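> here's my sequence, what's the structure:
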Amino acid sequence: MDTKVVKIDKEQIDDEKLMEAAEILRAGGLVAFPTETVYGLGANALNEEAAKKIYAAKGRPSDNPLIAHISKPEELAPLVKEVPEAGKKLMEAYWPGPLTMIFPKSDIVPYGTTGGLETVAVRMPSDPVANRLIHLAKVPVAAPSANTSGRPSPTTAQHVWQDMNGRIEMILDGGPVGIGVESTIVDVSGEVPTLLRPGAVTMEMLEK
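Predicted coordinates:
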C-alpha cells in the first residue's frame, strides 16, 4: 500500500484534510497523527479487525492493551462501566493532557483493543490535531506510538515514515511534537488508584 503524507498546520487546522483521515479510521484503516507526547498510530478502537492491524504494523504482541483516545469528556461514558471518584478528580485536573486512566470496560469495547482484559485504558489528548481528528472520526481512536516495537517513540512524521511507510494508509504531519515521553498511566479500576507507568504527569502532581 502507498502511505499518503498530509501536512497539517496546527495553528489553522484544515477540516477537509482531517476528514479524509477520519474516514480512513471509520473504515477500519490506520492513520498516524501527532499527539502532545509522541506520534500515535490510530485505528477505530471499537473495531477488532482494525486493532489487529495496529499489532501487525507495529510487530507488537496482541495481549498488549491499546489506549483508546477520546476528544471530550462525554465520550468516556459509553466505553466504561463506571467512573470512580478518583477518576473524576484526575479528569478534572489533567484532561485533556498526557494522562491515561484505566477503567472497567463496557461491552462495546472489544477484547482485541484491551488485550483480552476486562479494563480499558482511555486518554483525552490536548494536541489540537489529535483532538480534532478524533472528534471528526466520531469513534474512539486506539493509538499506541507509531513505531515498530522496540524502536524509539517517534516525535516527527519523518520518524513514522521510516517505520510505517507501506504499512499504513496515512500519516498526518503536524510537525515535531513536544514531550517525547509516553503518557502517564493510572489504574482507577480498583479501590486504590495505582500508577502503572510514569510519564509527563508526575507522581507528585497525581498526589495533589
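
> quick check, pLDDT for the nearest residue in space to residue 174 that is not next to it in sequence.
Spatially, and ignoring its direct neighbours in sequence, residue 174 is nearest to residue 34 (3.7 Å; C-beta to C-beta, 6 or more residues apart in numbering). (Glycine included, C-beta is placed from N, CA and C.) Looking at residue 34, its pLDDT stands at 95.

> which parts of the protein are strands?
4-7, 31-34, 39-44, 67-69, 99-104, 119-123, 141-142, 170-173, 184-187, 194-197 (DSSP state E).

> with just CA atoms, put the third one into PDB.
Read that as strand 39-44. C-alpha atoms of strand 39-44 as PDB (Å, rounded to 0.1, in the frame of the first residue of the first chain):
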ATOM      1  CA  TYR A  39       3.100  10.400  17.200                       C
ATOM      2  CA  GLY A  40       0.300   7.800  17.600                       C
ATOM      3  CA  LEU A  41      -0.800   5.000  15.300                       C
ATOM      4  CA  GLY A  42      -4.600   5.400  15.100                       C
ATOM      5  CA  ALA A  43      -7.400   2.900  14.400                       C
ATOM      6  CA  ASN A  44     -11.100   2.600  15.400                       C
END
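
> my guess is residue 54 contacts residue 65. True?
No. Assessed by C-beta atoms under 8 Å, residue 54 is found out of contact with residue 65, at 11.3 Å.

> neighbour count: those two, which is higher?
Using other C-beta atoms under 10 Å, the more surrounded residue of residue 54 and residue 65 is residue 54, with 24 against 21.

> contacting residues around the more buried one?
Neighbouring residues of residue 54 by C-beta atoms under 8 Å, 6 or more residues apart in numbering: 30, 41, 43, 60, 66, 142, 144.

> let's see it at 10 Å
Taking C-beta atoms under 10 Å, 6 or more residues apart in numbering, we find residue 54 in contact with 30, 40-43, 45, 60, 62, 66, 112-113, 142-144, 146, 168.

> who does the helix or strand of the chain with the lowest mean pLDDT touch, helix- and strand-wise?
Least confident helix or strand, the chain: helix 203-207 with a mean of 87, by mean pLDDT, DSSP states H and E. With contacts taken as 3 or more C-beta pairs under 10 Å, 6 or more residues apart in numbering; DSSP states H and E, helix 203-207 sits against helix 85-94, strand 184-187, strand 194-197.
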